[in-house]
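S.K.: Build me a model from this:
(2 chains)
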Amino acid sequence: MAGTAVLGRVTWRTATVVGLHDETPTARTLALAVRNWPGHVAGQHVDVRLMAADGYSAVRSYSIASAPNSDGRIEITVERLPTGEVSPYLTQDVVVGDELELRGPIGGWFVWRSDQTESIQLVAGGSGIVPLMAMLRSRSSIGSGAPFRLLYSAREPRAVFYRDELRALSNQGDSVVITYAYTRVTPKDWPRPAGRIDASLIATGTWPSTLRPTSYVCGPTSFVEHTTDLLIAAGHDRERIKTERFGATGERK
Amino acid sequence: MAIISRGFAGRRSAADAKLPPGQYLTTDFPVLSAGPTPHISPDRWEFAIDDGSNGLKRWDWKSFRELPSETITTDLHCVTRWSKLDTSWEGVSLDVLLADVKTDLPYAMFRSYGDYTTNLPLKDLMNKQAWIAFKYNGADLEPEHGGPARLLVPHLYLWKSAKWVKGMTLMPHDKPGFWENLGYHIYGDPWREQRYSEE
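M.R.: Got it, this is the predicted structure:
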(Lines give C-alpha, C1' and ligand atoms only; values in the text may rest on other atoms or scores of the structure.)
Protein backbone atom coordinates (compact mmCIF):
# COMPACT_ATOMS: atom_id res chain seq x y z
CA MET A 1 0.00 0.00 0.00
CA ALA A 2 2.82 2.38 0.84
CA GLY A 3 3.42 4.91 -1.85
CA THR A 4 0.76 3.59 -4.17
CA ALA A 5 -2.29 5.37 -2.86
CA VAL A 6 -2.48 8.00 -5.55
CA LEU A 7 0.08 6.86 -8.09
CA GLY A 8 -1.09 7.21 -11.65
CA ARG A 9 -4.12 9.13 -10.55
CA VAL A 10 -3.08 12.72 -10.41
CA THR A 11 -3.78 13.59 -14.03
CA TRP A 12 -6.85 15.67 -14.78
CA ARG A 13 -9.68 13.80 -16.43
CA THR A 14 -12.91 14.89 -18.06
CA ALA A 15 -16.07 14.08 -16.16
CA THR A 16 -19.51 14.45 -17.70
CA VAL A 17 -22.44 15.21 -15.44
CA VAL A 18 -24.93 12.42 -16.08
CA GLY A 19 -27.33 12.91 -13.19
CA LEU A 20 -28.29 15.38 -10.48
CA HIS A 21 -30.51 15.06 -7.49
CA ASP A 22 -31.04 16.96 -4.29
CA GLU A 23 -30.34 15.16 -1.01
CA THR A 24 -31.49 18.05 1.19
CA PRO A 25 -32.46 21.68 0.59
CA THR A 26 -28.74 22.55 0.55
CA ALA A 27 -26.99 19.43 -0.74
CA ARG A 28 -26.94 17.94 -4.21
CA THR A 29 -25.55 14.69 -5.57
CA LEU A 30 -23.77 14.84 -8.92
CA ALA A 31 -23.39 11.61 -10.88
CA LEU A 32 -20.32 11.80 -13.08
CA ALA A 33 -19.11 9.63 -15.94
CA VAL A 34 -15.33 9.89 -15.85
CA ARG A 35 -13.21 9.13 -18.86
CA ASN A 36 -10.58 6.46 -18.02
CA TRP A 37 -11.63 6.32 -14.37
CA PRO A 38 -9.15 3.96 -12.65
CA GLY A 39 -11.56 2.87 -9.90
CA HIS A 40 -11.55 3.85 -6.26
CA VAL A 41 -11.72 2.58 -2.69
CA ALA A 42 -14.55 3.64 -0.36
CA GLY A 43 -13.53 6.75 1.58
CA GLN A 44 -11.34 8.34 -1.09
CA HIS A 45 -11.92 11.78 -2.56
CA VAL A 46 -11.47 13.62 -5.82
CA ASP A 47 -10.28 17.10 -6.71
CA VAL A 48 -12.74 19.03 -8.90
CA ARG A 49 -11.47 21.99 -10.93
CA LEU A 50 -13.66 24.76 -12.26
CA MET A 51 -12.26 27.19 -14.78
CA ALA A 52 -13.54 30.63 -15.69
CA ALA A 53 -13.39 31.86 -19.28
CA ASP A 54 -10.26 33.90 -18.56
CA GLY A 55 -8.35 30.91 -17.23
CA TYR A 56 -8.88 31.55 -13.50
CA SER A 57 -9.45 28.22 -11.81
CA ALA A 58 -10.58 26.98 -8.42
CA VAL A 59 -10.10 23.46 -7.09
CA ARG A 60 -11.85 21.77 -4.18
CA SER A 61 -11.83 18.23 -2.82
CA TYR A 62 -15.02 16.19 -2.50
CA SER A 63 -15.45 12.75 -1.03
CA ILE A 64 -16.80 10.07 -3.32
CA ALA A 65 -20.24 8.89 -2.18
CA SER A 66 -20.67 5.92 -4.48
CA ALA A 67 -19.39 2.36 -4.10
CA PRO A 68 -16.40 1.22 -6.13
CA ASN A 69 -17.57 -0.11 -9.50
CA SER A 70 -16.17 -0.86 -12.89
CA ASP A 71 -18.43 1.30 -15.03
CA GLY A 72 -16.47 4.53 -14.76
CA ARG A 73 -19.13 6.39 -12.80
CA ILE A 74 -18.87 8.08 -9.46
CA GLU A 75 -21.13 10.23 -7.36
CA ILE A 76 -20.18 13.13 -5.15
CA THR A 77 -22.54 14.92 -2.79
CA VAL A 78 -21.85 18.61 -2.33
CA GLU A 79 -23.15 20.70 0.56
CA ARG A 80 -23.75 24.28 -0.49
CA LEU A 81 -21.78 26.71 1.65
CA PRO A 82 -23.37 30.15 1.44
CA THR A 83 -20.00 31.86 1.19
CA GLY A 84 -18.35 29.13 -0.87
CA GLU A 85 -16.71 29.75 -4.21
CA VAL A 86 -17.21 26.31 -5.77
CA SER A 87 -20.07 24.62 -3.92
CA PRO A 88 -22.78 27.12 -5.03
CA TYR A 89 -21.80 26.49 -8.65
CA LEU A 90 -21.85 22.70 -8.26
CA THR A 91 -25.18 22.67 -6.42
CA GLN A 92 -27.03 25.36 -8.40
CA ASP A 93 -25.51 26.02 -11.81
CA VAL A 94 -24.34 22.68 -13.15
CA VAL A 95 -26.73 20.87 -15.51
CA VAL A 96 -26.71 17.36 -16.95
CA GLY A 97 -24.33 17.20 -19.88
CA ASP A 98 -21.84 19.70 -18.45
CA GLU A 99 -18.22 18.67 -18.31
CA LEU A 100 -15.97 19.18 -15.29
CA GLU A 101 -12.32 18.47 -14.71
CA LEU A 102 -11.51 15.99 -12.02
CA ARG A 103 -8.59 14.02 -10.70
CA GLY A 104 -8.25 11.16 -8.31
CA PRO A 105 -9.05 9.06 -6.52
CA ILE A 106 -6.91 10.49 -3.73
CA GLY A 107 -6.27 9.26 -0.21
CA GLY A 108 -5.12 5.95 1.22
CA TRP A 109 -5.81 6.41 4.91
CA PHE A 110 -9.48 7.13 5.52
CA VAL A 111 -10.63 4.13 3.49
CA TRP A 112 -12.55 0.91 4.04
CA ARG A 113 -11.25 -1.96 1.95
CA SER A 114 -13.49 -4.85 1.01
CA ASP A 115 -11.14 -7.39 2.64
CA GLN A 116 -11.64 -5.84 6.09
CA THR A 117 -13.78 -8.22 8.12
CA GLU A 118 -13.66 -6.58 11.57
CA SER A 119 -16.56 -4.65 13.08
CA ILE A 120 -16.86 -1.15 11.72
CA GLN A 121 -18.18 1.89 13.55
CA LEU A 122 -19.05 4.86 11.37
CA VAL A 123 -19.67 8.24 13.00
CA ALA A 124 -20.90 11.07 10.78
CA GLY A 125 -21.48 14.72 11.52
CA GLY A 126 -23.51 16.53 8.83
CA SER A 127 -22.03 16.16 5.37
CA GLY A 128 -19.34 13.94 6.93
CA ILE A 129 -21.73 11.12 6.01
CA VAL A 130 -20.50 11.19 2.38
CA PRO A 131 -17.33 9.04 2.55
CA LEU A 132 -19.03 6.79 5.12
CA MET A 133 -21.90 6.26 2.68
CA ALA A 134 -19.37 5.03 0.15
CA MET A 135 -18.25 2.47 2.76
CA LEU A 136 -21.84 1.35 3.45
CA ARG A 137 -22.54 1.08 -0.28
CA SER A 138 -19.28 -0.77 -0.85
CA ARG A 139 -20.19 -3.27 1.87
CA SER A 140 -23.60 -3.87 0.26
CA SER A 141 -22.35 -4.10 -3.28
CA ILE A 142 -19.87 -6.85 -2.51
CA GLY A 143 -22.11 -8.66 -0.01
CA SER A 144 -19.62 -8.22 2.82
CA GLY A 145 -20.67 -9.62 6.17
CA ALA A 146 -18.57 -7.14 8.14
CA PRO A 147 -20.73 -5.84 11.01
CA PHE A 148 -21.36 -2.12 10.47
CA ARG A 149 -22.94 0.47 12.70
CA LEU A 150 -23.54 4.10 11.86
CA LEU A 151 -24.07 6.94 14.31
CA TYR A 152 -25.22 9.91 12.26
CA SER A 153 -25.59 13.38 13.72
CA ALA A 154 -27.56 15.94 11.71
CA ARG A 155 -29.03 19.34 12.51
CA GLU A 156 -32.58 18.23 11.82
CA PRO A 157 -34.44 15.41 10.06
CA ARG A 158 -34.55 17.20 6.71
CA ALA A 159 -30.78 17.63 6.79
CA VAL A 160 -30.23 13.84 6.61
CA PHE A 161 -28.59 12.71 3.36
CA TYR A 162 -29.55 9.40 1.64
CA ARG A 163 -32.56 8.98 3.95
CA ASP A 164 -34.47 6.31 2.00
CA GLU A 165 -31.38 4.31 1.15
CA LEU A 166 -30.23 4.30 4.77
CA ARG A 167 -33.66 3.12 5.86
CA ALA A 168 -33.52 0.31 3.31
CA LEU A 169 -30.01 -0.67 4.46
CA SER A 170 -31.11 -0.90 8.08
CA ASN A 171 -34.12 -3.05 7.13
CA GLN A 172 -32.09 -5.70 5.36
CA GLY A 173 -31.43 -9.09 6.91
CA ASP A 174 -27.72 -8.54 7.52
CA SER A 175 -28.72 -5.20 8.83
CA VAL A 176 -26.58 -2.20 9.39
CA VAL A 177 -27.51 -0.67 12.72
CA ILE A 178 -28.14 3.04 12.33
CA THR A 179 -28.60 5.53 15.15
CA TYR A 180 -29.55 9.12 14.47
CA ALA A 181 -28.78 12.11 16.64
CA TYR A 182 -30.27 15.54 15.99
CA THR A 183 -28.55 18.66 17.22
CA ARG A 184 -31.25 21.31 16.60
CA VAL A 185 -34.64 19.81 15.74
CA THR A 186 -35.81 16.23 16.33
CA PRO A 187 -38.66 14.33 14.68
CA LYS A 188 -41.94 14.27 16.61
CA ASP A 189 -41.94 12.00 19.68
CA TRP A 190 -38.19 11.44 19.37
CA PRO A 191 -36.95 9.83 22.61
CA ARG A 192 -33.97 12.11 23.00
CA PRO A 193 -33.90 15.90 23.12
CA ALA A 194 -31.95 17.75 20.45
CA GLY A 195 -28.28 18.08 21.34
CA ARG A 196 -24.77 16.95 20.60
CA ILE A 197 -23.72 13.35 20.91
CA ASP A 198 -22.91 12.50 24.53
CA ALA A 199 -21.48 9.55 26.45
CA SER A 200 -24.87 7.85 26.82
CA LEU A 201 -25.46 7.96 23.09
CA ILE A 202 -21.97 6.57 22.48
CA ALA A 203 -22.87 3.76 24.92
CA THR A 204 -26.14 2.89 23.19
CA GLY A 205 -25.42 3.89 19.61
CA THR A 206 -21.98 2.44 18.93
CA TRP A 207 -20.21 -0.91 19.14
CA PRO A 208 -18.77 -1.65 22.57
CA SER A 209 -15.02 -1.12 22.70
CA THR A 210 -14.55 -4.78 23.70
CA LEU A 211 -15.41 -5.71 20.09
CA ARG A 212 -12.35 -3.71 18.98
CA PRO A 213 -14.06 -2.12 16.00
CA THR A 214 -12.30 0.13 13.55
CA SER A 215 -13.98 3.53 13.73
CA TYR A 216 -14.25 6.12 10.99
CA VAL A 217 -15.26 9.57 12.21
CA CYS A 218 -15.97 12.33 9.70
CA GLY A 219 -17.44 15.77 10.17
CA PRO A 220 -16.62 19.32 11.16
CA THR A 221 -13.52 19.69 13.34
CA SER A 222 -15.40 20.38 16.57
CA PHE A 223 -17.63 17.34 15.98
CA VAL A 224 -14.67 15.05 15.32
CA GLU A 225 -12.77 16.34 18.36
CA HIS A 226 -15.80 15.85 20.59
CA THR A 227 -16.86 12.41 19.40
CA THR A 228 -13.36 10.92 19.24
CA ASP A 229 -12.78 12.08 22.83
CA LEU A 230 -16.02 10.28 23.80
CA LEU A 231 -15.00 7.10 21.96
CA ILE A 232 -11.63 7.08 23.71
CA ALA A 233 -13.30 7.71 27.07
CA ALA A 234 -15.55 4.70 26.30
CA GLY A 235 -12.46 2.51 25.97
CA HIS A 236 -11.76 2.55 22.24
CA ASP A 237 -8.13 2.34 21.14
CA ARG A 238 -7.04 5.60 19.59
CA GLU A 239 -5.05 3.57 17.05
CA ARG A 240 -8.31 2.12 15.73
CA ILE A 241 -10.00 5.48 15.15
CA LYS A 242 -9.52 7.16 11.78
CA THR A 243 -10.68 10.70 11.30
CA GLU A 244 -11.40 13.17 8.57
CA ARG A 245 -12.19 16.75 9.55
CA PHE A 246 -13.36 19.72 7.62
CA GLY A 247 -13.33 23.35 8.63
CA ALA A 248 -16.08 25.91 8.31
CA THR A 249 -14.79 27.12 5.00
CA GLY A 250 -12.95 23.97 3.94
CA GLU A 251 -15.09 22.65 1.12
CA ARG A 252 -13.97 19.06 1.57
CA LYS A 253 -17.03 16.78 1.12
CA MET B 1 -7.13 20.41 -22.53
CA ALA B 2 -8.79 22.68 -20.00
CA ILE B 3 -12.55 22.75 -19.89
CA ILE B 4 -14.22 26.11 -19.32
CA SER B 5 -16.93 25.85 -16.69
CA ARG B 6 -19.87 27.58 -18.33
CA GLY B 7 -20.98 30.51 -16.22
CA PHE B 8 -18.30 30.10 -13.56
CA ALA B 9 -16.71 33.42 -12.66
CA GLY B 10 -14.88 32.48 -9.49
CA ARG B 11 -14.01 34.86 -6.76
CA ARG B 12 -10.72 36.63 -7.09
CA SER B 13 -9.16 38.85 -4.52
CA ALA B 14 -5.99 40.88 -4.25
CA ALA B 15 -4.74 38.30 -1.76
CA ASP B 16 -4.81 35.57 -4.41
CA ALA B 17 -1.66 37.07 -5.84
CA LYS B 18 0.17 36.06 -2.66
CA LEU B 19 -1.12 32.48 -2.75
CA PRO B 20 0.64 29.44 -4.17
CA PRO B 21 -1.09 27.80 -7.15
CA GLY B 22 -4.35 26.01 -6.43
CA GLN B 23 -4.81 27.53 -2.96
CA TYR B 24 -7.68 29.64 -1.66
CA LEU B 25 -7.75 32.05 1.21
CA THR B 26 -9.43 31.26 4.50
CA THR B 27 -9.66 33.25 7.70
CA ASP B 28 -10.49 30.40 10.06
CA PHE B 29 -8.09 27.61 10.96
CA PRO B 30 -9.18 24.21 9.64
CA VAL B 31 -7.67 21.03 11.09
CA LEU B 32 -6.29 18.03 9.22
CA SER B 33 -5.39 15.04 11.40
CA ALA B 34 -5.47 11.34 10.67
CA GLY B 35 -6.78 10.32 14.06
CA PRO B 36 -7.95 11.52 17.46
CA THR B 37 -6.24 14.50 19.03
CA PRO B 38 -3.80 13.44 21.76
CA HIS B 39 -4.11 15.49 24.93
CA ILE B 40 -0.56 15.75 26.24
CA SER B 41 -0.04 17.64 29.44
CA PRO B 42 3.17 19.70 29.57
CA ASP B 43 4.43 17.73 32.57
CA ARG B 44 4.61 14.54 30.45
CA TRP B 45 5.82 16.33 27.33
CA GLU B 46 9.35 15.97 26.10
CA PHE B 47 11.27 16.58 22.93
CA ALA B 48 14.31 14.49 22.07
CA ILE B 49 16.81 14.43 19.22
CA ASP B 50 18.61 11.23 18.25
CA ASP B 51 20.69 9.97 15.35
CA GLY B 52 18.99 6.59 15.06
CA SER B 53 21.18 4.90 17.64
CA ASN B 54 22.12 7.48 20.25
CA GLY B 55 20.16 10.15 22.04
CA LEU B 56 21.73 13.55 21.37
CA LYS B 57 19.50 16.07 23.13
CA ARG B 58 16.45 16.03 25.31
CA TRP B 59 14.23 18.68 26.87
CA ASP B 60 11.28 18.46 29.21
CA TRP B 61 8.72 21.24 29.12
CA LYS B 62 10.51 23.37 31.69
CA SER B 63 13.92 23.23 30.04
CA PHE B 64 12.37 23.69 26.59
CA ARG B 65 10.53 26.81 27.69
CA GLU B 66 13.73 28.24 29.13
CA LEU B 67 15.27 28.27 25.64
CA PRO B 68 15.21 31.57 23.77
CA SER B 69 12.01 31.87 21.75
CA GLU B 70 10.84 34.26 19.09
CA THR B 71 7.62 35.41 17.51
CA ILE B 72 6.96 34.38 13.94
CA THR B 73 4.46 35.93 11.53
CA THR B 74 3.94 33.72 8.54
CA ASP B 75 1.54 32.39 5.91
CA LEU B 76 0.28 28.80 6.10
CA HIS B 77 -0.56 26.58 3.13
CA CYS B 78 -2.43 23.30 3.62
CA VAL B 79 -2.43 20.58 0.96
CA THR B 80 -6.25 20.52 1.28
CA ARG B 81 -6.00 23.90 -0.49
CA TRP B 82 -6.65 26.50 2.15
CA SER B 83 -4.10 29.18 2.90
CA LYS B 84 -4.11 31.53 5.84
CA LEU B 85 -2.05 34.70 5.82
CA ASP B 86 -0.09 36.50 8.52
CA THR B 87 -0.54 33.99 11.33
CA SER B 88 1.29 34.73 14.54
CA TRP B 89 3.24 32.17 16.54
CA GLU B 90 5.81 31.91 19.28
CA GLY B 91 8.37 29.14 19.23
CA VAL B 92 11.93 27.98 19.58
CA SER B 93 13.83 27.83 16.31
CA LEU B 94 15.46 24.60 15.21
CA ASP B 95 18.67 26.62 14.96
CA VAL B 96 18.57 26.88 18.75
CA LEU B 97 17.65 23.23 19.26
CA LEU B 98 20.37 21.99 16.91
CA ALA B 99 22.99 24.56 17.94
CA ASP B 100 25.38 22.12 19.59
CA VAL B 101 24.39 19.02 17.64
CA LYS B 102 27.29 18.04 15.44
CA THR B 103 26.03 15.89 12.58
CA ASP B 104 26.57 15.12 8.92
CA LEU B 105 23.19 13.45 8.62
CA PRO B 106 21.16 15.45 6.08
CA TYR B 107 17.59 14.33 6.81
CA ALA B 108 15.26 14.18 9.80
CA MET B 109 12.15 12.21 10.69
CA PHE B 110 9.88 13.96 13.17
CA ARG B 111 7.84 11.86 15.56
CA SER B 112 4.65 12.88 17.32
CA TYR B 113 2.49 11.76 20.17
CA GLY B 114 -0.20 9.74 18.40
CA ASP B 115 2.46 8.10 16.17
CA TYR B 116 2.45 10.61 13.33
CA THR B 117 5.72 10.99 11.45
CA THR B 118 6.98 13.33 8.74
CA ASN B 119 10.34 13.67 6.99
CA LEU B 120 12.29 16.82 6.20
CA PRO B 121 15.73 17.70 4.86
CA LEU B 122 17.88 19.23 7.58
CA LYS B 123 18.61 22.23 5.37
CA ASP B 124 14.90 23.10 5.50
CA LEU B 125 15.08 23.24 9.28
CA MET B 126 18.00 25.62 9.63
CA ASN B 127 18.44 29.37 9.17
CA LYS B 128 15.15 30.56 10.66
CA GLN B 129 12.96 28.30 8.56
CA ALA B 130 11.53 26.04 11.28
CA TRP B 131 10.39 26.26 14.89
CA ILE B 132 8.85 24.20 17.63
CA ALA B 133 5.88 26.47 18.31
CA PHE B 134 3.93 26.59 21.55
CA LYS B 135 1.80 29.72 21.21
CA TYR B 136 -0.61 30.78 18.52
CA ASN B 137 -2.03 34.30 18.49
CA GLY B 138 -0.51 34.91 21.90
CA ALA B 139 -2.27 31.99 23.60
CA ASP B 140 -1.12 28.47 24.48
CA LEU B 141 -1.45 26.27 21.41
CA GLU B 142 -4.73 24.31 21.48
CA PRO B 143 -4.44 20.50 21.36
CA GLU B 144 -6.39 20.31 18.08
CA HIS B 145 -3.78 22.55 16.46
CA GLY B 146 -0.89 20.53 17.87
CA GLY B 147 -0.48 21.79 21.43
CA PRO B 148 1.35 21.77 23.68
CA ALA B 149 3.93 22.14 20.89
CA ARG B 150 4.17 21.53 17.18
CA LEU B 151 6.70 21.82 14.44
CA LEU B 152 6.23 24.89 12.24
CA VAL B 153 7.87 24.79 8.79
CA PRO B 154 5.74 27.33 6.96
CA HIS B 155 7.54 27.24 3.61
CA LEU B 156 6.26 23.69 3.05
CA TYR B 157 2.70 22.33 3.03
CA LEU B 158 1.36 22.26 6.55
CA TRP B 159 1.34 18.45 6.93
CA LYS B 160 5.13 18.84 7.33
CA SER B 161 4.51 20.99 10.42
CA ALA B 162 3.88 17.95 12.60
CA LYS B 163 1.51 18.49 15.53
CA TRP B 164 2.24 17.13 19.01
CA VAL B 165 5.94 16.65 18.24
CA LYS B 166 8.01 14.62 20.67
CA GLY B 167 11.23 14.06 18.81
CA MET B 168 13.33 13.96 15.69
CA THR B 169 15.66 11.31 14.36
CA LEU B 170 18.52 12.39 12.10
CA MET B 171 18.91 10.11 9.08
CA PRO B 172 21.55 9.48 6.40
CA HIS B 173 18.88 9.13 3.69
CA ASP B 174 15.43 10.58 3.12
CA LYS B 175 12.51 8.29 3.76
CA PRO B 176 8.75 8.89 3.77
CA GLY B 177 6.73 9.63 6.88
CA PHE B 178 3.02 9.02 7.43
CA TRP B 179 1.33 11.02 4.66
CA GLU B 180 4.36 10.66 2.40
CA ASN B 181 3.82 6.88 2.57
CA LEU B 182 0.19 7.40 1.57
CA GLY B 183 0.99 9.08 -1.71
CA TYR B 184 1.75 12.64 -0.68
CA HIS B 185 4.87 14.34 -1.96
CA ILE B 186 8.19 13.55 -0.30
CA TYR B 187 9.09 17.28 -0.06
CA GLY B 188 5.85 19.29 -0.36
CA ASP B 189 6.71 22.74 -1.73
CA PRO B 190 3.42 24.66 -2.15
CA TRP B 191 4.92 27.09 -4.67
CA ARG B 192 5.75 24.15 -6.95
CA GLU B 193 2.40 22.54 -6.02
CA GLN B 194 4.05 19.34 -4.83
CA ARG B 195 0.91 17.79 -3.36
CA TYR B 196 1.13 14.19 -4.51
CA SER B 197 4.01 11.87 -5.11
CA GLU B 198 3.88 12.15 -8.91
CA GLU B 199 4.06 15.93 -8.95
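S.K.: In the chain, mark out all the helices, start to finish.
M.R.: Picking chain A for this. Assigned by DSSP state H, chain A shows helices spanning A:87-88, A:129-142, A:163-171, A:199-205, A:221-233.
S.K.: You answered for a different chain; I wanted chain B.
M.R.: Counting by DSSP H, the segments of chain B that form helices are B:61-65, B:94-97, B:178-181.
S.K.: any low-confidence regions in chain B?
M.R.: B:1, B:15 (pLDDT under 70).
S.K.: Name the residue of it that lies nearest to chain A.
M.R.: residue B:30 (2.6 Å; Cβ to the nearest Cβ). (C-beta placed from N, C-alpha, C; glycine too.)
S.K.: those strands in chain B, which residues are they?
M.R.: With strands called from DSSP state E, chain B shows them at B:24-25, B:46-50, B:55-60, B:70-77, B:82-93, B:107-112, B:117-121, B:131-136, B:139-140, B:150-152, B:165-171.
S.K.: Paired strands for the fifth one, with orientation please.
M.R.: Taking DSSP bridges as the criterion, strand B:82-93 pairs within the sheet with strand B:24-25 (parallel), strand B:70-77 (antiparallel), strand B:131-136 (antiparallel).
S.K.: tell me, what residue is most central in chain B?
M.R.: In chain B, the centroid-proximal residue (Cα atoms, centre = their mean) is residue B:161; its distance is 0.9 Å.
S.K.: which stretch among the helices of chain B comes nearest residue B:109?
M.R.: Across these, residue B:109 has its closest neighbour in helix B:178-181 (10.1 Å, Cβ to Cβ).
S.K.: Can the closest one be said to contact chain A?
M.R.: Yes - between helix B:178-181 and chain A, judged by Cβ under 8 Å from any Cβ of the partner chain, the touching residues are B:179, B:181.
S.K.: May I see the buried residues of that helix?
M.R.: Residues of helix B:178-181 classed as buried: B:178-181 (neighbour count, 16 or more other Cβ atoms under 10 Å in any protein chain shown).
S.K.: Kindly report the same for stretch A:54-65.
M.R.: Neighbour-count burial for stretch A:54-65 flags A:57-65 (criterion: 16+ other Cβ under 10 Å).
S.K.: Can you give me every residue that contacts residue A:148?
M.R.: By Cβ atoms under 8 Å, 6 or more residues apart in numbering or on different chains, the contact list for residue A:148 reads A:119-120, A:122, A:135-136, A:139, A:176-177.
S.K.: at 7 Å instead, please
M.R.: Residue A:148 sits next to A:120, A:122, A:136, A:139, A:176 when contact means Cβ atoms under 7 Å, 6 or more residues apart in numbering or on different chains.
S.K.: The residues you listed: which two are farthest apart?
M.R.: Taking Cβ to Cβ as the measure, the contacts of residue A:148 span a maximum distance of 10.2 Å, between A:122 and A:139.
S.K.: Tell me which of those two has more neighbours.
M.R.: Regarding residue A:122 and residue A:139, a neighbour count based on other Cβ atoms under 10 Å in any protein chain shown identifies residue A:122 as having more, with 26 against 23.
S.K.: who's the more buried one bridged to?
M.R.: Beta-bridge partners recorded for residue A:122 (DSSP bridges): residue A:150, residue A:216.
S.K.: you'd agree it is up against residue A:131?
M.R.: No - Residue A:122 is not in contact with residue A:131 according to Cβ atoms under 7 Å; the separation is 9.2 Å.
S.K.: quick one on the thing from earlier: turn the buried residues of stretch A:54-65 into CSV, including distance to residue A:213 and pLDDT.
M.R.: Written out in CSV, the entries for the buried residues of stretch A:54-65 read as follows (distance: Cβ to Cβ, whole Å; pLDDT from 0 to 100):
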residue, distance to residue A:213, pLDDT
A:57, 41, 91
A:58, 38, 92
A:59, 34, 91
A:60, 31, 91
A:61, 27, 92
A:62, 27, 95
A:63, 21, 95
A:64, 23, 97
A:65, 22, 98
